[in-house]
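Chemist: need coordinates for the below:
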Amino acid sequence: MEDIMTITPLGSGQEVGRSCHLLTFRSTTILLDCGIHPGYDGMAGLPFFDRVDPEQVDVLLITHFHLDHAASLPYFTERTGFKGRIFMTHPTKAVIRLLLGDYLKLMMMKKGSGGADKDDNQDVLYTEADLQSCVDKIELIDYHQTIDLNLPSGLKFHALNAGHVLGAAMFFIEVGGRSVLYTGDYSMEEDRHLMAAELPKYHASPDLLIVESTYGVQVHASRAEREARFTGTIERIVTGGGRCLIPVFALGRAQELLLILDEYWQEHPHLQSIPIYYASKMASRALRVYQTYANMMNARIRAQMDLGNPFHFSHIRNLKSIDVNNFDDRGPSVVFASPGMLQSGVSRQLFDRWAGDPKNGVMLAGYAVEHTLAKEIMSQPKEVVTLEGRRQPLNCLVDYVSFSAHVDFVQNRDFITSVNPRNIILVHGAKEEMGRLKGALMLHYNKLPENKRPTIAMPPNEVDVKLIFTRRRSAKVMGKLAEAPVEDEDAMVDESRGKVVEPREGDPVRGILVTQQNSSKIVAPEDLSTYTPLRVGSVSSRLHVPFVGKIETLRLFLNEMFRGVDESTADFTGDGDDGVVTFIMHGGQVQVIAGKTKGVATVEWDCSPVGDVIADSVVALIMHAQSSAASIRLTGRPCSHRRKKLREGDDQPSMEEHLRALHQALSDQFLSVEATYEARKGTFEVKLDAKGGVNDEGGEESNNEVVCTATVEFEDDLDATAKITVECKDEKLAGNVRECLQNVAAASAPISIVDNNIHFI
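Modeler: Coordinates of the predicted model:
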């Protein structure tokens, strides 16, 4: 039997931005990330949600707090029919509330400064109430914590450290007996405050790896080289009297760059007179989040936390609010401002103000997404368009140094090789870079035999990738059954435990097979409660069977049918005449108790396949023992009473009493019976309604009354000899009336029937 796993990119398919991937398998639907595209506004930046039925999504997993992975979450949870569950790490939830609140304010600002139709809410994807309702629905997951949703497909997952930003996670998913690793954005390089991503240890190779391809085949320079270029370029700008703008997102890479620059200023006293500003309304709140979750950072930060707060900067000033028009920028300075793509906000306003001065500079330190101003100025155009729509020359220095915490080609290739997946899907990368990476991976895997090479796909948005899997039939042997049998002389013995612990191929295994959510295991009955939620129990049944026969007959029948029937007699007697006798069979698992209650035999047994069959047989024997001709002959007694003969002068039933008895019997049998009595003669008229009958001409008759007349006439007052005549046009009814009269005559009194005529009219 085959199962089909379908993966559909709803975003970040051959693009960077609006990461969102739909995975369906074994009637389970999973949504991975729910971001927005930074290069588009409003509805245009959403993932292609029209390809998914939100009500069918069982779980939504968010890898980290960046807008391109999480910003459309409130829209999806509050503006659609989504009823599933949402999971992310603790830091991700804490930061998402801050970032999405700031993003909402930017949307409202754009609407307020927009075109003619300011009442059009299309670009405002959700409200503050929607955001709060969404955050309230989020459930938390720790690194290495396994969440089991108890779905029929056996869906469970756990988070691994992804190293990209604080709280970033990969998700290792197990569903329907198959495994999927989704990396999200990840970094294999430890920096000043974060650990590198971890490999999924203690797991077999996943059936599918969904991995980012942001940098394609590019290879990063060493970290020391990048830091030297970053700090050297900033120093050159400010010592020349210029102002340096560093567009960053408020949380994420900003904290890493702040640590680098604060340390550099500390080591170079001649720069300490030049101010560094961190222009973010949520700067202080963001840093408090980082302080709270310092235990999730690398050893360097944890060691510094013992001495003080590493995020208490000596040379950086936080600007909770900044009015760009009144900002005093007459001297050199360095300003960190958001957002990182220069689409709007403080970073865009400062860029528009400083771009025309050749002494100034813009330092891009993160990945620039297509269709954003940050990506546009990397090609050094001569002119740019301001936020107000006017064109101005681009004279300032523009430089780019990657601190984006994404893997380069070498790191990505080594990670993929270590994970050793059977199938690979590339996401989160420009089409050209993704294509180069796919080609390089295929060339890398050409060294392997063809049957060991993974499949590699790079689907665009809304294009399905279908993977066909054959259902596995396997079970884990656990507990005592996983140990070799004692009689195996060659088995390895663990002397510390005193048990034989290494079974060999071909050893017999007998136990209980337990299958739960596509996972099967075989355990011994005594280990059932240890390895499964089940417990060993027993069910006893008791059945009361009517029995009016003799115990001797029952004893005979049971011994004829079963071998080794034991018998015990109780010291007390019940309602029966012969005491209480218990017949015991099948090692005491089936018992028959007779004589305790008059007219009843009780069958008790322990429910099991064999016990149930024996109990059924015993019940059949009990019924047979009181009804068969053999049992009657064996235990029956001859009738000792005689019928008293009637003599002349004795009171005898009158003819009318006989006739009335016959009338009563007919009335019990038929609904309408009228009787007339004349001396020794009784006439009974039986009427029936025959609906839908057939008339004499062959046509249908909707309602026809059938009348049957029966006459019973005794010959004289003393003789019980009667003549019965039945007249009716319905042969069946006439036969029923005649038979009824015959049976009553035979059962109630010795009435002889000398003439039994039926006349059809």
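
Chemist: pLDDT below threshold where in the stretch 601-750 of the chain?
Modeler: 629-653, 690-703, 717-720, 746-750 (pLDDT under 70).

Chemist: all strands of it, in order?
Modeler: Using DSSP state E, counting those that start in this stretch, the strands found in the stretch 601-750 of the chain span residues 672-678, 681-694, 700-714, 721-728.

Chemist: what is the longest one packed up against?
Modeler: Spelled out, it's strand 700-714. If contacts are counted by 3 or more CB pairs under 8 Å, 6 or more residues apart in numbering; DSSP states H and E, strand 700-714 sits against helix 655-669, strand 681-694, strand 721-728, helix 731-748. No exception for glycine: its C-beta is placed from N, CA and C like everyone else's.

Chemist: same thing but at 10 Å, please
Modeler: Applying 3 or more CB pairs under 10 Å, 6 or more residues apart in numbering; DSSP states H and E, we find strand 700-714 packed against helix 655-669, strand 672-678, strand 681-694, strand 721-728, helix 731-748, strand 752-759.

Chemist: parallel or antiparallel, list what pairs with that strand.
Modeler: Using DSSP bridges, the strands paired with strand 700-714 are strand 681-694 (antiparallel), strand 721-728 (antiparallel).

Chemist: out of these, nearest to Val603?
Modeler: Nearest to Val603 among these is strand 681-694 (46.5 Å), distances taken as CB to CB.

Chemist: returning to what we had before: dump the strands of the stretch 601-750 of the chain to TSV, plus mean neighbour count and distance to Val592.
Modeler: Rendered in TSV, the data for the strands of the stretch 601-750 of the chain read as follows (neighbours: other CB atoms under 10 Å; distance: least, CB to CB, whole Å):
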stretch	mean neighbour count	distance to Val592
strand 672-678	14	49
strand 681-694	15	50
strand 700-714	16	51
strand 721-728	20	50
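
Chemist: export the ones you listed to TSV and tack on distance to Arg473?
Modeler: Shown next, in TSV, are those (distance: least, CB to CB, whole Å):
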stretch	distance to Arg473
strand 672-678	69
strand 681-694	60
strand 700-714	64
strand 721-728	71
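
Chemist: how about these, which one is nearest Asp207?
Modeler: strand 681-694 (67.8 Å).

Chemist: circling back: could you dump the helices and strands packed on strand 700-714 to CSV with distance to Pro275?
Modeler: Below are these laid out as CSV (distance: least, CB to CB, whole Å):
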stretch, distance to Pro275
helix 655-669, 114
strand 672-678, 115
strand 681-694, 106
strand 721-728, 122
helix 731-748, 115
strand 752-759, 126
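
Chemist: next, the contact list for the nearest residue to Tyr126 once chain neighbours are set aside, please.
Modeler: Computed as CB to CB, 6 or more residues apart in numbering, the closest residue to Tyr126 that is not its neighbour in sequence is Pro74, at 4.2 Å. Contacts for Pro74 (CB atoms under 10 Å, 6 or more residues apart in numbering) come out as 34, 96, 100, 103-104, 125-135, 137.

Chemist: same check, this time on His406
Modeler: His406 makes contacts with 16, 164, 185-189, 212-215, 218, 220, 366-367, 412, 428-429, as judged by CB under 10 Å, 6+ apart.

Chemist: can you map out the strands along the stretch 351-500 of the chain?
Modeler: Using DSSP E, counting those that start in this stretch, the strands of the stretch 351-500 of the chain run over 361-364, 383-385, 391-393, 397-400, 423-427, 455-457, 465-470, 476-477, 493-494, 499-500.

Chemist: let's have these in CSV, adding mean neighbour count.
Modeler: CSV is the format used below for these (neighbours: other CB atoms under 10 Å):
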stretch, mean neighbour count
strand 361-364, 24
strand 383-385, 13
strand 391-393, 12
strand 397-400, 18
strand 423-427, 24
strand 455-457, 16
strand 465-470, 14
strand 476-477, 14
strand 493-494, 12
strand 499-500, 15
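
Chemist: quick revisit: between the strands of the stretch 601-750 of the chain, which one is closest to Thr602.
Modeler: strand 672-678 (46.0 Å).

Chemist: picking that back up, make TSV out of the strands of the stretch 351-500 of the chain and add mean pLDDT and distance to Asp68.
Modeler: Listed next are these as TSV, based on pLDDT from 0 to 100; distance: least, CB to CB, whole Å:
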stretch	mean pLDDT	distance to Asp68
strand 361-364	93	16
strand 383-385	91	23
strand 391-393	92	28
strand 397-400	92	19
strand 423-427	97	12
strand 455-457	96	21
strand 465-470	94	21
strand 476-477	84	41
strand 493-494	49	53
strand 499-500	51	55
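
Chemist: Arg510 is nearest to which of these?
Modeler: strand 476-477 (10.6 Å).

Chemist: list the strands paired with the closest one, with their directions.
Modeler: Strand pairing (DSSP bridges) places strand 476-477 next to strand 519-523 (parallel).

Chemist: what does the strand it pairs with contact?
Modeler: The contact list for strand 519-523, computed with CB under 10 Å, 6+ apart, reads 154, 156, 174, 177, 472-482, 509-515, 527, 529-532, 534.

Chemist: check stretch 266-276 too.
Modeler: 231, 234-235, 238-239, 243-244, 246, 258, 261-262, 264-265, 313-317, 328, 331-336.

Chemist: buried among the contacts of His406? Make that a ChimeraX selection.
Modeler: For the buried members of the contacts of His406, the matching ChimeraX selection, counting by 16 or more other CB atoms under 10 Å, is:
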select :16,164,185,186,187,188,189,212,213,214,215,220,366,367,412,428,429
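
Chemist: looking at the contacts of His406, which are in helices?
Modeler: Asn412 (DSSP state H).

Chemist: what comes up buried for the host helix or strand of Gly595?
Modeler: Per DSSP states H and E: Gly595 is located in strand 590-597. Within strand 590-597, the residues scored as buried using 16+ other CB under 10 Å are 590-596.

Chemist: and Val539, how many neighbours?
Modeler: By the criterion of other CB atoms under 10 Å, Val539 has 9 neighbours.

Chemist: so what's it up against?
Modeler: Contact partners of Val539, counting by CB under 10 Å, 6+ apart, are 605-608, 611.

Chemist: same check on Gly564?
Modeler: Contacts of Gly564 by CB under 10 Å, 6+ apart are 584-587.
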